[in-house]
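Asker: Kindly generate the corresponding structure for this input.
(one chain, ligands or ions: 1)
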Amino acid sequence: MKEIRKTVCNRDCPDACGIVATVEDGRVTRIRGDKEHPITRGFLCYRTSLFLSTQYSPDRLTTPLLRRNGDFHPISWEEALDVAAQRLTTIRQESGPAAIFHYRSGGSLGLLKHLSDYFFEKFGPVTIKRGDICSGAGDAAQEMDFGEEDSHDVFDLLNSKNILLWGKNVFTSSPHLVPILQEARARGAQLVLIDPVYHKTATLCATHLQPRPGSDFALAMAVARILFEQGWSDPAARNYCDHLDDFRDLAESHSVAQWCREADVLPGSAQTGRPLSWWVGGWAGGSMVRE
Ligand code: SF4
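Answerer: All right, here's what the predicted structure looks like:
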């Protein structure tokens, strides 16, 4: 019997794609992107397009494994649940629930992951972690360096006049961003790519700056200096930035030309088509400096 079922991608990916699966006699034979899903728009990324070879790989684990005498043995799900329940109950009785450490990280994005939190809250409360070795570590660093790190809704890009892609090949790392960027460009947005490597994303962009590998710090400093000099930084930045004066001193320790030389980028119009300050004006939302 053949049927079509709608499901969702199970990977830890913010696109949270909708999938349309063809199921024949209980076996998935084809997966496609859901055309009705606003991000997926009918296509899946390369790795999920190939997911069925993983799903039905003979190497894939399909049952729980229990270690006995140093070796793993396949067991049924009922037996695995009994073993887990018995061990958890024993530890709670002997040592109290705080002796159980519940470690959960991101995993699949969605609400289901919160079920395990709910379970251990009811069962314990047990010991939980503070912080995270996964994205939480990056979140903590970003908050410390830049403050709140919420992103815009991706469709907000359609309201942008200037979009800067710094070290990002959207065709491989964010394929569902491509149609949104194309639409933004059709609405008049200027796209700029900064990447030492030429790749397909450059074809979407009005200009491509290619700093020497490892030197984009210098390019960032050139950008910062232009922002300060042109008065395009937020006048209230002092209220929410630590060490703003030190940062400005650092940016102004070299001229824009010196920073650009370090980054191997021409500040003038030869490489960028426009002076660097023209583009920075757009990114800052200020008026672009005309040639
Ligand atoms: S982009 Fe790929 S990995 Fe991410 S949700 Fe969509 S299909 Fe899954």
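Asker: What parts of the stretch 151-291 of the chain come near the ligand?
Answerer: Neighbours of the ligand within the stretch 151-291 of the chain, by CB under 6 Å from any ligand atom: His176. C-beta coordinates here come from the backbone N, C-alpha and C atoms, glycine included.
Asker: for the stretch 151-291 of the chain, what spans make up the strands?
Answerer: Using DSSP state E, counting those that start in this stretch, the strands of the stretch 151-291 of the chain run over residues 162-166, 190-194, 207-209.
Asker: Just say which of those strands is most tucked in.
Answerer: Most buried of the strands of the stretch 151-291 of the chain, by mean neighbour count (mean count of other CB atoms under 10 Å): strand 190-194, with a mean of 22.
Asker: pLDDT averaged over that one - what is it?
Answerer: Mean pLDDT, strand 190-194: 92.
Asker: ditto for stretch 17-37
Answerer: Mean predicted lDDT for stretch 17-37 stands at 96.
Asker: how does this structure divide into domains?
Answerer: 2-55, 65-128, 154-283 (automatic domain parsing).
Asker: quick one: contacts for whichever residue of the stretch 101-250 of the chain sits closest to the ligand?
Answerer: Residue nearest to the ligand within the stretch 101-250 of the chain: His176 (5.8 Å; CB to the nearest ligand atom). By CB atoms under 8 Å, 6 or more residues apart in numbering, His176 lies in contact with 15, 17, 39-41, 43, 45.
Asker: Quick check: the farthest pair among the residues you listed?
Answerer: Greatest spatial distance among the contacts of His176 (CB to CB): Arg41 and Cys45, at 12.0 Å.
Asker: Who has more neighbours out of the two?
Answerer: Cys45 (20 against 16; other CB atoms under 10 Å).
Asker: The more buried one - nearest residue in space that isn't next to it in sequence?
Answerer: Once flanking residues are discounted, Cys45 sits nearest to Pro175: 5.1 Å by CB to CB, 6 or more residues apart in numbering.
Asker: Settle this for me: that neighbour is touching Thr40, isn't it.
Answerer: No: counting by CB atoms under 8 Å, Pro175 does not reach Thr40; the two are 10.0 Å apart.
Asker: more crowded one of these two?
Answerer: Using other CB under 10 Å, the more surrounded residue of Pro175 and Thr40 is Thr40, with 23 against 15.
Asker: Would you mind extracting the C-alpha trace of the helix or strand where Arg30 lies into PDB?
Answerer: According to DSSP states H and E, Arg30 maps onto strand 27-33. Output in PDB follows, covering the C-alpha atoms of strand 27-33 (Å, rounded to 0.1, in the frame of the first residue of the first chain):
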ATOM      1  CA  ARG A  27       8.800   1.700   4.300                       C
ATOM      2  CA  VAL A  28       9.600   5.200   3.400                       C
ATOM      3  CA  THR A  29      10.600   5.200  -0.300                       C
ATOM      4  CA  ARG A  30      10.900   8.900  -1.000                       C
ATOM      5  CA  ILE A  31      11.200  12.200   0.900                       C
ATOM      6  CA  ARG A  32      10.600  15.700  -0.500                       C
ATOM      7  CA  GLY A  33      10.500  19.100   0.900                       C
END
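Asker: What lies in contact with it?
Answerer: 17-23, 40-44, 48-49, 51-52, 55-56.
Asker: just stretch 59-69 next, same as before
Answerer: For stretch 59-69, the external contacting residues (CB under 8 Å, 6+ apart) are 54, 72-77, 79-80, 83.
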